[in-house]
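Student: Model the structure of this input:
(chains A and B, ligands or ions: 2)
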Amino acid sequence: MKEKVKIGFKDMGFWYGSKQILSEVNLKFYSKKITALIGPSGCGKSTLIRCINRMNDLVPTAKIDGRIIYNNEDIYGKNADVIELRKKIGMVFQKPNPFPMSIFENVAYGLRIQNMKDKNEIARIVKKSLEKADLWNEVKDCLSRSAFGLSGGQQQRLCIARTLANDPEVVLLDEPCSSLDPIATAKIEVLLKKIKREKTIIIVTHNMQQAKRISDYSCYLLNGKIIEYSKTENMFTHPKNKLTKDYLDGRFG
Amino acid sequence: MFNYKNTKEKLIELFFSTTGILTLLILIGIFVFLFVTGIHTFAKITPTDFFLGEQWNPDAYGTPKWGILSLIIGTLMIAFGSLVMSIPLGLAGAVYLSEIAGSRTRELLKPAIEMIAGIPSVVLGLIGILFLSPLIANVFGLSHGLNAFTSSVIVGVMVLPTIISISEDVLTSLPNEFREASLALGATKWQMIRMTLLPAALSGIVAAVMLGLGRAIGETMVVLMVAGNSIAMPTSFFSPVRPMTANIAIEIKEVVTGSLHYDALFAIGLVLFVMTFIVNFISDIIVEKHVRKYRW
Ligand SMILES: Nc1ncnc2c1ncn2[C@@H]1O[C@H](COP(=O)(O)OP(=O)(O)OP(=O)(O)O)[C@@H](O)[C@H]1O
Ligand SMILES: [Mg+2]
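Tutor: Ligands and ions are numbered 1, 2, ... in the order given. Model (predicted):
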């Protein structure tokens, strides 16, 4: 079976000012799969995924080269609409970052942005999103409480629910479990496997075991270059590149 | 046994508690003085005549009038007018500085704005008399421009730096994560500001506005110079008014110490004190409520 490409990088390069961070990136992210981005600290993983929803636009010195194709359109093209893009490509950050609002309002935020007024519809989507993020049962009785009262793991699932409320096609996660304990991490892994049935997931992780457990494809990035990209099982059992093998064996830094 | 470190700690503690208690004592002393002097008034004038009487004329032969309602209204009009002007401008300024202006512009503008706060109010009063009031008289076809409106504008300018500067600090101190989270969900910059940053900064902004309000209520020199000083009941924003502060400043020089008039002026001072106290109290409640709801 041939898999459907959701996002494609074509000879992409990226600079902060005069410093080149990514070079000659050619990559395909497949629809309804989980792709893990691994690599040592500072190799450009965050930069790479932040190119996909154009969060790097916020850095004035950022410069990009080549193309990133999403649904057959260049996301940096002349007619590209950043706002629409970010609704379709959601992002979950390393540190849980709920808004200083109630749990309900956190999830409803994206809907309010889209000017949805129908209260019942908003409540329905909030519930559905919290269910998808495996959080509904824990918070259904305290939806009006501040999101800051939740534990770190709950906050991170809330952030996932908040992203899902927009019904994105792609979800980017930048080390979403790095501040969580193993149990909270396991919960998130379970729910990611569940939502991949509908969505394309790209996850940056420092945790090799996590990449092995949840991803279908893995991509090893070193000094801004793609060293190896293949099915996760192949990469972890028979890495083709010696550099990848060294990294997986823990012989790196 | 002599313990050097312990003694030092004790001394530092002593220093801070003494200064703290001293400050508190001074504040209480001021209040007690105001209260004891002002309260005499009500032995001779009923509170109803004092607060609701529309005429203030302590020097009238036969039946002096002790109503301060027109003075209170003068104070409230200028406080309200100045806030109507300075809240939107102040917020816009703060949002511009923290979210829109580049760092270079901000570094130039912020000290410039804070410098306005350092302009002596008598200078602003002069500008009001010499430039603004003729202009306003011209524009609105008035015989002169010394009225509640003109002083609201000047007092508004005076409190603007306070509101801008504190609100800007509050906005800037909001974690960047809020901005990223909002934008990543597809918010426009304006939506991010309106739906995330301003609500998150609300308690700080309320504090800034209340500080400005306290200043507007207490401002004396500007209103003395440009409010028109009329003790007649104002009929519109273009009526000349005499706020409580101006009244005290004008009359305190002429009264006999210990006379009823003297006591009455202190009673007005007491009213001012209570007003600012209420302003602070309300802002504390708002901030407290907000902080409990949105904590980070
Ligand atoms: N705003 C910025 N301006 C300039 N350089 C930056 C900026 N953000 C990141 N960099 C640099 O870009 C390089 C790649 O950073 P990036 O955050 O993408 O790495 P990473 O692989 O995500 O690392 P980590 O695993 O530690 O998160 C680093 O050398 C970093 O110093
Ligand atoms: Mg990173």
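
Student: For the rest of this, base every contact and every neighbour count on C-alpha atoms.
Tutor: Noted.

Student: Pull up the residues of the stretch 51-200 of chain A that are close to ligand 1.
Tutor: residue A:59 (Cα under 6 Å from any ligand atom).

Student: for the stretch 51-200 of chain A, what spans make up the strands?
Tutor: Taking DSSP state E, counting those that start in this stretch as the test, the strands found in the stretch 51-200 of chain A are A:62-70, A:73-74, A:89-92, A:170-174, A:200-204.

Student: now for the longest one, which elements pack on it?
Tutor: With contacts defined as 3 or more Cα pairs under 8 Å, 6 or more residues apart in numbering or on different chains; DSSP states H and E, the secondary structure elements packing on strand A:62-70 are strand A:5-16.

Student: in stretch A:161-180, what counts as buried?
Tutor: Buried positions in stretch A:161-180, judged by neighbour count with 16 or more other Cα atoms under 10 Å in any protein chain shown: A:161-177, A:180.

Student: out of those, who's near chain B?
Tutor: A:163, A:166 (Cα under 8 Å from any Cα of the partner chain).

Student: Filter the buried residues of stretch A:161-180 down to the ones in helices?
Tutor: A:161, A:162, A:163, A:164 (DSSP state H).

Student: Show me where the chain dips below the pLDDT cut-off.
Tutor: You didn't say which chain, so I picked chain A. Within chain A, the ranges that satisfy pLDDT under 70 run A:1-2, A:252-253.

Student: actually chain B
Tutor: In chain B, residues with pLDDT under 70: B:1-3, B:291-296.

Student: sorry, back to before: hey, which of the strands of the stretch 51-200 of chain A is tucked in deepest?
Tutor: strand A:89-92 (a mean of 28; mean count of other Cα atoms under 10 Å in any protein chain shown).

Student: Quick one: distance of it to the chain centre.
Tutor: Centroid separation between strand A:89-92 and its chain, computed with Cα atoms, centre = their mean, to the nearest Å, is 5 Å.

Student: Over to stretch A:40-55?
Tutor: 10 Å.

Student: Does chain B have contacts with it?
Tutor: Yes - against chain B, stretch A:40-55 shows contacts by Cα under 8 Å from any Cα at A:53, A:55.

Student: And that stretch, what's buried?
Tutor: So for stretch A:40-55, counting by 16+ other Cα under 10 Å, buried means A:40, A:43-55.

Student: So what touches that stretch?
Tutor: Outside stretch A:40-55, the residues within contact range by Cα atoms under 8 Å, 6 or more residues apart in numbering or on different chains are A:21-22, A:37-39, A:56, A:68, A:75, A:82, A:85-86, A:89-91, A:172, A:174, A:202, A:204, A:206, A:221-224, A:252-253, B:180, B:184.

Student: First-to-last residue distance for it?
Tutor: 21 Å (Cα to Cα, to the nearest Å).

Student: Mind listing residues that contact stretch B:116-134?
Tutor: With Cα under 8 Å, 6+ apart as the test, stretch B:116-134 has contacts from B:144-146, B:150-151, B:154, B:158-159, B:161-162, B:221-223, B:225-226.

Student: Also stretch B:205-221?
Tutor: Outside stretch B:205-221, the residues touching it (Cα under 8 Å, 6+ apart) are B:75-76, B:78-79, B:82-83, B:87, B:121-122, B:125, B:155-156, B:159-160, B:162-163, B:166-167, B:170, B:245-246, B:249, B:272, B:276, B:279-280, B:283-284, B:286-287.

Student: same check, this time on stretch A:166-176
Tutor: By Cα under 8 Å, 6+ apart, the list of residues contacting stretch A:166-176 reads A:46, A:49, A:87-96, A:110-111, A:156, A:163, A:198-206, B:185.

Student: Around chain B, which positions in the stretch 101-250 of chain A sit nearby?
Tutor: Residues of the stretch 101-250 of chain A lying close to chain B (Cα under 8 Å from any Cα) are A:101, A:102, A:110, A:113, A:145, A:146, A:148, A:163, A:166.
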